[in-house]
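>>> Sequence and predicted structure below; questions after.
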Amino acid sequence: MNIPLADIVTILPELIVIGMACLLLVLDPITPKSKKDLLAWASLGALAVCVIMILGSFGGRVMAFSDLVVVDGYASFWKLLLCLVSGMTILLSMTYLKEEHIDLAEFYGFILLALVGMMVMVSGADLLVIYLGIELMSITLYIMVGFKRFEARSIESSAKYFVLGAFSSGILLYGISLLFGVAGSTRLSEIASTMNDQSLSDPLVLISLMLIIVGFGFKVAAVPFHMWTPDVYQGAPTSVTAFMAVASKAASFAAFLRVLLEAFGGLKPNWTGMILVLCLLTVALGNLVAIVQTNVKRMLAYSSIAHAGYALIGLVVAGWIGTEAGVSARGVSSLMLYLAIYSFMTLGAFSMVAILRNGGLEGEELNDFTGLAKRHKGGAFLMMVFMVSLAGIPPTAGFIGKFYLFMAAVNAGLAWLAVIGLVFAAISAFYYLRVVMVMYMREPSSEQELTTRLALSPSVSVVLACAIAGVVLLGIFPGPLVSVADLSTLPVK
Amino acid sequence: MEVPISFYLVLSGLVFLIGLVGVLIRRNIIIILLSIELMLNATNINFVAFSSYLGNLSGQVFVFFALTVAAAEVAVGLAIIIALYRHSASINIDDFRMLKW
């Protein structure tokens, strides 16, 4: 069997990352403890090469492996974001893993493996490829969540994630199998061409569409399929939580969007309603339950659920019947913009939680942030900016993201949806600003002054600098990112 | 005599439902794992049946991938369950209530 060289070149970024991941797994046991950082730098190097290659091929649309894989602007946009986020997670982990005494270089290998899964997901043009990408990502994440294997909480969350993750993959796969029966193929384009007016009421198509939405709903943590999120996010090592909240969510959204628009583009009347219900439930429940949380990590987990709800607004706009193609495309691009901005602010917030130490433990309770501004002016200020941005207050990037989403909704004639989004964004300001209030207005007890500290290091500083730069610069000059997102949006039929 | 496609669909639907209900109501995590396997195997029945019905081999290719992925998933899953058992000496999911609302 011959594989054309052109096909190999198309997936070269993935091959580099997976090669590096395998190399790390082999090198980890034979590397002395003091040299583990070298392996992290090596994986960052591989990511840098990858980013350059993706940038080099940005813009075109190439199909490879007899239409199994597509590399278009949409895929490249997500791949760049995912590589960036993975690089930041690796930098954060270099310090975090040492603080937690779990500094094994195989961790970086797992990050790269999960990254390959995500990159495959976003450039899959066939349900088989997308499924394999999802599984590679999920199985790796199950392991990473339980990485603190001597800690009962971490293992418990890993088991929960495994059971629900495998369950949701099973549901997704069953949907794919029914769809294969109807369409006779798993290619997204061929599925789209077999869908016609009759399929709108074909029970088999409806069931498979529903199962696929449920499967992806689990992956993006949309209510009512979110039950695993708070537990897993709280129990997992914080750098893994950051990675999951940002990268796995972005990749799942990317694949979800591509499947719905490219394969089910003709069935919009069937799925827009379902997505709208998911969207409303997610925004409402995520924001309301976040209010009662006293653990910052868990609060951020609910906040990530709420943000998934906002992002779903973009999907509703893209699928809304009777909107012009331009407006629908705006829905897609505003979703991409929103998730890119969300990545920076959420990664920043989780990084702060990861480096705030209370004795030998993570300072993840709201109490641990008490009076942080007195001791670490810089750290408290960064956390404040991330919180303000998550709440969507100008001039931060969080505002820009919400602005474009709500504008897209208004243009599609969904002004009421934008209003609901605004109301819940106002509610969310309460729990985000509570963290700021605790940091700036409360006096720390003398005992706390002794035990809590920030585990700062050069690599963490780079992560925080990247995150804050993203939040502030995108808030003031959103133009370039907006035009990139507009350029790389999916063609909406 | 050829077996009609609907028979296979009903069979796979039943197997899938048994798995689904098993995940939702059983409390032993190993049984839950087996129920998930049932769901995945229901999928395989579907793929093979459709593949033969449509005369399209790609369904069987999908089955190979699904089987391999399921094996990898179970390997990781069992490892997690063993780690869990070492901590709590239990595999009943009602005992794991450390993380909740």
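Cool, got the structure. Numbering: from 1, shown residues only, chains lettered A, B, ... in the order given.

>>> Okay, helices next: where are they in chain B?
Listed in chain order, the helices of chain B (DSSP state H) span residues B:5-25, B:29-54, B:58-88.

>>> Show me where the stretch 1-150 of chain A has its strands.
Taking DSSP state E, counting those that start in this stretch as the criterion, the stretch 1-150 of chain A carries its strands at A:62-64, A:69-71.

>>> Backbone dihedrals for whichever residue of the stretch 201-350 of chain A sits closest to chain B, please?
The shortest separation between the stretch 201-350 of chain A and chain B is 4.2 Å, found at A:Asp231 (distances taken as C-beta to the nearest C-beta). Placement of C-beta: from N, CA and C, glycine included. In this entry, A:Asp231 is assigned phi and psi values of phi -60, psi -50 (degrees, to the nearest 10).

>>> Quick one: neighbours of it, just the number.
22 (other C-beta atoms under 10 Å in any protein chain shown).

>>> thinking again about what came up before, columns mean neighbour count on top of the helices of chain B, output as CSV?
Supplementary listing: these in CSV, determined by neighbours: other C-beta atoms under 10 Å in any protein chain shown:
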stretch, mean neighbour count
helix B:5-25, 16
helix B:29-54, 21
helix B:58-88, 17
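
>>> And the residue of the stretch 201-350 of chain A closest to chain B, how close does it get to A:Arg298?
As judged by C-beta to C-beta, to the nearest Å, A:Asp231 and A:Arg298 stand 9 Å apart.

>>> cool, A:Phe477 as well?
Using C-beta to C-beta, A:Phe477 is found at 34 Å from A:Arg298.

>>> And for B:Val76?
Here the distance between B:Val76 and A:Arg298 works out to 25 Å (C-beta to C-beta).

>>> A:Ala64 and chain B, how far apart?
A:Ala64 sits at a distance of 17 Å from chain B (criterion: C-beta to the nearest C-beta, to the nearest Å).

>>> Contacts only, for that residue.
Counting by C-beta atoms under 8 Å, 6 or more residues apart in numbering or on different chains, A:Ala64 touches A:6-7, A:10-11, A:70-71.

>>> try it again with 6 Å
By C-beta atoms under 6 Å, 6 or more residues apart in numbering or on different chains, the contact set of A:Ala64 is A:7, A:10.

>>> May I see the helices of chain B arranged in JSON lines, with mean pLDDT and distance to chain A as well?
Below are the helices of chain B laid out as JSON lines (pLDDT from 0 to 100; distance: least, C-beta to the nearest C-beta, whole Å):
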{"stretch": "helix B:5-25", "mean pLDDT": "95", "distance to chain A": "5"}
{"stretch": "helix B:29-54", "mean pLDDT": "95", "distance to chain A": "4"}
{"stretch": "helix B:58-88", "mean pLDDT": "94", "distance to chain A": "4"}
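
>>> Save the ones you listed as TSV, and put in distance to A:Phe147 too.
Listed next are those as TSV, based on distance: least, C-beta to C-beta, whole Å:
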stretch	distance to A:Phe147
helix B:5-25	25
helix B:29-54	20
helix B:58-88	11
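
>>> Between these, which one is closest to A:Met439.
Proximity of those to A:Met439 was assessed by C-beta to C-beta; the nearest stretch is helix B:58-88, lying at 34.4 Å.

>>> Return the angle between stretch directions for the closest one and helix B:29-54.
Using axes from the mean of the first three to the mean of the last three C-alpha atoms, to 10 degrees, the interaxial angle of helix B:58-88 with respect to helix B:29-54 works out to 180 degrees.

>>> isn't A:Arg357 right next to A:Leu454, touching?
No. Under the contact definition of C-beta atoms under 6 Å, A:Arg357 does not touch A:Leu454, with a separation of 7.3 Å.

>>> Let me know which of the strands of the stretch 1-150 of chain A is tucked in deepest.
Neighbour counts (mean count of other C-beta atoms under 10 Å in any protein chain shown) averaged over each of the strands of the stretch 1-150 of chain A peak at strand A:69-71, with a mean of 22.
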